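Participant: model this:
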Amino acid sequence: MEEIHTEQPLGKEEMSMYLDKAGTLIEALPYIQHFQGATIVVKYGGSAMVDENLKRNVIQDVALLKLVGFRPIIVHGGGKDITKMLGKVGKTSEFKAGFRVTDDETMDVVEMVLNRINKSLVSLMEKVGVKACGVSGKDGSLLQVSRKTPDGEDIGYVGDIECVNTELLDTLLDNDFVPVVCPIGFDADYHSYNINADDAACAIAKAMKAKKLVFLSDIKGVYADPDDPSTLISEMTVEQTLSFMAGGHAGGGMLPKLQNCVDAIEAGVARVHILDGRIPHSQLLEFFTTKGIGTAIIGDEAEG
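Facilitator: Alright, predicted model coming up:
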């Protein structure tokens, strides 16, 4: 006679825990249905890139998004690692207007570091069972740039994106790969340029007609009062965002980030999310729960 396996019945606390898990899955169902087949772009940066546990969480999130029917594209930065490597070779990092001044030697270091990060992220993605392909913005002429001159100042090989050639990304997505993009591009003379990762993610989201653009960084979102954690703004329209910026409430790196959000929405992206990558599984909490945890910038007719 075949052995019968028996288990002790669940206690009230255990049953409650499992029912909560089931409730979370049910809560996520309409979001999963709504975004089946939707392209999303995730800009990955900040501390979540250097903390191994957080890095795994981000990759697991993207893998889950892929497996439930999203078409994710990762665009990553690497500023902290670049600064660290430049220090090792005896170069001091210099910034102007928020951009890294990039001469030939610095460009070599930037490209080396970003390519190393790129392949490490591909390895992590493959490790969780999702096909990934790491590409530079130079591959397939993905990111075509001109020289960026903020306030008319020459800061070296820093690129201003002129054109996004989506052919390579379309091919990868259509063949079930997650593209992992490092923000290096070519100019008309095929010289390599460093590109701000926020700018690259925004340009790719616009060109790919993404439904969502996500900025993962070291900030929880947008605050009405930066000194008061209780004033986190969960949702803003483009009009509210522009008013917020004009009122001088956005300082430092938040101003260009919000401008990228507005540009993306005006180009057709439905929602842009600013999330704290230091919070484990922040993408899943923002996408699949009713409350969310970051700031969403939405268009007038946005859904989901």
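
Participant: For the nearest residue to residue 117 once chain neighbours are set aside, the count of nearby residues, please.
Facilitator: Distance criterion Cβ to Cβ, 6 or more residues apart in numbering; nearest residue to residue 117, sequence neighbours excluded, is residue 78 at 4.7 Å. From N, CA and C alone the C-beta is placed, and that goes for glycine too. Using other Cβ atoms under 10 Å, the number of residues around residue 78 comes to 23.

Participant: for residue 78, what are its contacts?
Facilitator: 45, 49, 113-114, 117, 182, 197 (Cβ atoms under 8 Å, 6 or more residues apart in numbering).

Participant: Please enumerate the helices of this protein.
Facilitator: For the chain, the helices defined by DSSP state H occupy 12-34, 52-67, 79-88, 104-127, 167-174, 197-207, 238-246, 254-266, 282-288.

Participant: Which of those sits closest to residue 133?
Facilitator: Within those, the stretch nearest residue 133 is helix 167-174; the backing value is 5.4 Å (Cβ to Cβ).

Participant: Spit out the contact partners of residue 39.
Facilitator: Counting by Cβ under 8 Å, 6+ apart, residue 39 touches 70-73, 173, 208-211.

Participant: Please identify the one among those that lies nearest to residue 245.
Facilitator: residue 210 (22.3 Å).

Participant: so where is the protein shaky, pLDDT-wise?
Facilitator: Filtered on pLDDT under 70, the chain yields the residue ranges 1-21, 23-24, 251-252, 290-292, 300-304.

Participant: Mind listing the residues bridging to the spatially most central residue of it?
Facilitator: Nearest to the geometric centre of the chain sits residue 43, at 1.7 Å (Cα atoms, centre = their mean). Here residue 43 sits in beta bridges with residue 75, residue 215, as judged by DSSP bridges.

Participant: change the start of the numbering to 54 and stick with it
Facilitator: Noted, 54 is the first residue going forward, which turns the last one into residue 96.

Participant: What distance do you get for it to residue 317?
Facilitator: Distance, residue 96 to residue 317, by Cβ to Cβ, to the nearest Å: 11 Å.

Participant: so what sits against both of those two?
Facilitator: residue 266.

Participant: Okay, buried residues for stretch 82-92 please.
Facilitator: 88, 91-92 (16 or more other Cβ atoms under 10 Å).

Participant: Show me the contacts of residue 92 that map onto strands.
Facilitator: 124-126 (DSSP state E).

Participant: could I get these as TSV with neighbour count and distance to residue 219?
Facilitator: Below are those laid out as TSV (neighbours: other Cβ atoms under 10 Å; distance: Cβ to Cβ, whole Å):
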residue	neighbour count	distance to residue 219
124	24	12
125	26	15
126	26	10
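
Participant: I'd like those residues written out as a markdown table, with distance to residue 230 added.
Facilitator: Listed next are the ones in strands among the contacts of residue 92 as a markdown table, based on distance: Cβ to Cβ, whole Å:
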| residue | distance to residue 230 |
| --- | --- |
| 124 | 10 |
| 125 | 10 |
| 126 | 10 |
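
Participant: Show me which of those is closest to residue 203.
Facilitator: Using Cβ to Cβ, residue 126 comes nearest to residue 203 of the ones in strands among the contacts of residue 92, at 26.6 Å.

Participant: quick one: the closest one from residue 228, how far?
Facilitator: The gap separating residue 126 from residue 228 is 14 Å, by Cβ to Cβ.

Participant: What of residue 170?
Facilitator: From residue 170 to residue 228 the distance is 23 Å (Cβ to Cβ).
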